[in-house]
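**Q** Build the 3D model from these lines:
(chains A, B, C and D)
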There are 2 protein chains.
Amino acid sequence: MNEKAASIPSYQPLYGQIKSLLVSSLANGEWKPGQMIPSESELASRFGVSQGTVRKAIDELATDNLLMRRQGRGTFVATHAEDRNSTRFLRLRAADGSVETHESRLISCRRDTASGRAAVMLNLAEGEPVVEVRRVLSFSGRPVTHDRIVLPASVFGALDASVIEAWEGSMYSLFETRFGVRLIRAEEHLTAVVAQADVAADLGVDERSPLLAVERVAYTYDDLPMEWRLGHYDTASHYYATTLD
Amino acid sequence: MNEKAASIPSYQPLYGQIKSLLVSSLANGEWKPGQMIPSESELASRFGVSQGTVRKAIDELATDNLLMRRQGRGTFVATHAEDRNSTRFLRLRAADGSVETHESRLISCRRDTASGRAAVMLNLAEGEPVVEVRRVLSFSGRPVTHDRIVLPASVFGALDASVIEAWEGSMYSLFETRFGVRLIRAEEHLTAVVAQADVAADLGVDERSPLLAVERVAYTYDDLPMEWRLGHYDTASHYYATTLD
DNA sequence: GAGTGGTCTAGACCACTGC
DNA sequence: CAGTGGTCTAGACCACTCG
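**A** Below is the predicted model:
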């Protein structure tokens, strides 16, 4: 095709437009997490562009972890329901650097109304219905993190304790499978705080112990905030790892 | 060229080899921070490959922040001595999300011998000479972080208080300009701790206040650890920001 | 206008997977 | 062996910067 992006106002390259089309197909559920998307050559003829252009679009989506390429097999929609992805957002490491398996213990799951930081960060009005989950994550049998998770009830209304306790896998995997919500990106704000009574009790640490407070907001394909959580990590024997580059 | 990578043992693509060659030129100082490297077409003929192959190599180096592309101008060696890069490794934000300017106050700069975590992380034997810098960073006039920086004296022997106080710019910019050491990547380990007396005094917070402890190791082009630092951040009015994706 | 990076194409061939 | 992604090429043309 030669009569390309002639009338686009502020120039966007063809592969950028293809990328948007692919994201739309992901967002509207045409291709579901874990599924294979059409081959590069098929997409090229569908969109009327060369394979190289489709390739560049897919390259960027793979870099952003929206897609996963597997040589010889195809290109797949990324999913949290995979061993290598199930802890993608977990930055906690044991003091010796190893990545341990962890177990989750549910404390509560109840309906509530939005307020404070959670309401602001989720773009909800005060008082809108939400679901609030509290849980403790243990590493090698020892409680390390306490999480309070707030979700809009408009989407997660069907979430309750039995659903969570029956689920094998991560929260994000549950959201994908049971609610059709795929969270692809999150932002975290870290501070150091002193443990409050309830959290201290759940973690088995002294009140007033220092804890790492981790506030997280996770976003969908459309960049809508869909989950707010406040974690409190006991960093006596674990640390939070990041890379700067 | 058709007689390409015929005898390479475990297949490495051509652009990967070009990438290695480019990194070598960066590491041995053929092209210095801030300088422009040869154009893609010149590199293509120098290496006897197509421009597209050079391009792919440069693309990846630009993604890794080793090079910076500027359309219409050329490709440049990334440097910390640039406004947009001078705070590249600083993840601190004010509580309202803004990025403030900061001022550094030097507490001490002295020769010491390697020991403990610093020795281990810098691959130094106990007792090898190091330079230790302590400083406080203030945001909007208020002290927020206390840093203890340890550097191998074999490279940074000429560093002293007068050099630091005369310098306008970041530490990494100083390392580049005065010591020919470019640090391209760093890893951080975060924990929550209680303030010790000396740090508390320097930051003007109560002893036993919770602080965010940030241990950082920074690496050169050759992936050698060249800087170890232990920061203590007062997160009462600031937070540490990261993105998960 | 000359030079640089950025996009797009068409086609050849290689590497890997699974039937 | 067919199908998929991965690499490489050669060449055309576009967008941007600067003198």
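
**Q** residues contacting the residue nearest to A:Ala78 when sequence neighbours are not counted?
**A** In space, not counting the residues next to it along the chain, A:Ala78 is nearest to A:Met68; the distance is 5.0 Å by CB to CB, 6 or more residues apart in numbering or on different chains. For glycine as for every other residue, the C-beta is placed from the backbone atoms N, C-alpha and C. When contacts are counted by CB atoms under 8 Å, 6 or more residues apart in numbering or on different chains, A:Met68 touches A:62, A:75-78.

**Q** Of those residues, which pair is most distant in space?
**A** The distance between the two most remote of those (CB to CB) is 11.0 Å, for A:Ala62 and A:Val77.

**Q** Looking only at neighbour counts, state which of the two leads.
**A** Set side by side, A:Ala62 and A:Val77 give different neighbour counts by other CB atoms under 10 Å in any protein chain shown, the larger being at A:Val77 (19 against 15).

**Q** Mind listing the residues bridging to that one?
**A** With DSSP bridges as the criterion, A:Val77 is bridged to A:Leu67.

**Q** ok so, going back, tell me the spacing between the residue nearest to A:Ala78 and DNA strand C.
**A** For A:Met68, the distance to DNA strand C under the criterion CB to the nearest atom of the strand, to the nearest Å works out to 13 Å.

**Q** Please apply the same query to A:Val131.
**A** In this view, A:Val131 and DNA strand C are 38 Å apart by CB to the nearest atom of the strand.

**Q** does that residue count as helix, strand or coil?
**A** strand (DSSP: H, G, I helix; E, B strand; the rest coil).

**Q** Report the contact partners of it.
**A** Taking CB under 8 Å, 6+ apart as the contact definition, A:Val131 lies against A:109-112, A:150-153, A:156-157, A:159.

**Q** Kindly recompute the last result at 10 Å.
**A** A:Val131 makes contact with A:109-112, A:149-153, A:155-160, according to CB atoms under 10 Å, 6 or more residues apart in numbering or on different chains.

**Q** of those residues, buried ones?
**A** Of the members of the contacts of A:Val131, the ones counted as buried by neighbours, 16 or more other CB atoms under 10 Å in any protein chain shown, are A:109, A:149-153, A:155-156, A:159.

**Q** Pretty sure A:Asp160 sits against A:Ala153.
**A** No - counting by CB atoms under 10 Å, A:Asp160 sits too far from A:Ala153 to count as a contact (11.2 Å).

**Q** Return every residue with contacts to both of these two.
**A** Common neighbours of A:Asp160 and A:Ala153, counting by CB under 10 Å, 6+ apart, are A:111, A:131.

**Q** and stretch A:92-108, how far apart are its ends?
**A** End-to-end distance of stretch A:92-108 (CA to CA, to the nearest Å): 23 Å.

**Q** quick one on the thing from earlier: please flag which of the contacts of A:Val131 sit within helices.
**A** Secondary structure of the contacts of A:Val131 is defined by DSSP state H; positions in helices are A:153, A:155-156.

**Q** I'd like those as CSV, with pLDDT appended.
**A** Shown next, in CSV, are these (pLDDT from 0 to 100):
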residue, pLDDT
A:Ala153, 98
A:Val155, 97
A:Phe156, 98
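
**Q** Endpoint to endpoint, stretch A:145-162 covers what distance?
**A** End-to-end distance for stretch A:145-162: 21 Å, by CA to CA.

**Q** how about the ones in helices among the contacts of A:Val131 in JSON lines, adding distance to A:Gly29?
**A** Putting the ones in helices among the contacts of A:Val131 into JSON lines (distance: CB to CB, whole Å) gives the following:
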{"residue": "A:Ala153", "distance to A:Gly29": "21"}
{"residue": "A:Val155", "distance to A:Gly29": "14"}
{"residue": "A:Phe156", "distance to A:Gly29": "17"}
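
**Q** Could you report the separation of the residue nearest to the spatial centre of chain A from DNA strand D?
**A** With distances taken as CA atoms, centre = their mean, A:Leu183 lies nearest the centre of chain A, 3.8 Å away. The spacing between A:Leu183 and DNA strand D, counted by CB to the nearest atom of the strand, is 24 Å.

**Q** How about the secondary structure of that residue?
**A** Going by three-state DSSP, the state assigned to A:Leu183 is coil.

**Q** And the strands in chain A?
**A** A:67-70, A:74-77, A:92-94, A:102-113, A:129-139, A:142-152, A:185-194, A:210-219, A:225-233, A:238-244 (DSSP state E).

**Q** Save these as JSON lines, and put in distance to A:Leu14 and mean pLDDT too.
**A** Listed next are the strands of chain A as JSON lines, based on distance: least, CB to CB, whole Å; pLDDT from 0 to 100:
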{"stretch": "strand A:67-70", "distance to A:Leu14": "18", "mean pLDDT": "97"}
{"stretch": "strand A:74-77", "distance to A:Leu14": "19", "mean pLDDT": "97"}
{"stretch": "strand A:92-94", "distance to A:Leu14": "42", "mean pLDDT": "95"}
{"stretch": "strand A:102-113", "distance to A:Leu14": "44", "mean pLDDT": "96"}
{"stretch": "strand A:129-139", "distance to A:Leu14": "42", "mean pLDDT": "97"}
{"stretch": "strand A:142-152", "distance to A:Leu14": "36", "mean pLDDT": "97"}
{"stretch": "strand A:185-194", "distance to A:Leu14": "25", "mean pLDDT": "98"}
{"stretch": "strand A:210-219", "distance to A:Leu14": "26", "mean pLDDT": "98"}
{"stretch": "strand A:225-233", "distance to A:Leu14": "31", "mean pLDDT": "98"}
{"stretch": "strand A:238-244", "distance to A:Leu14": "33", "mean pLDDT": "97"}
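
**Q** will you turn those into TSV that also has distance to DNA strand D?
**A** Output for those, formatted as TSV (distance: least, CB to the nearest atom of the strand, whole Å):
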stretch	distance to DNA strand D
strand A:67-70	4
strand A:74-77	4
strand A:92-94	29
strand A:102-113	31
strand A:129-139	34
strand A:142-152	34
strand A:185-194	22
strand A:210-219	26
strand A:225-233	29
strand A:238-244	23
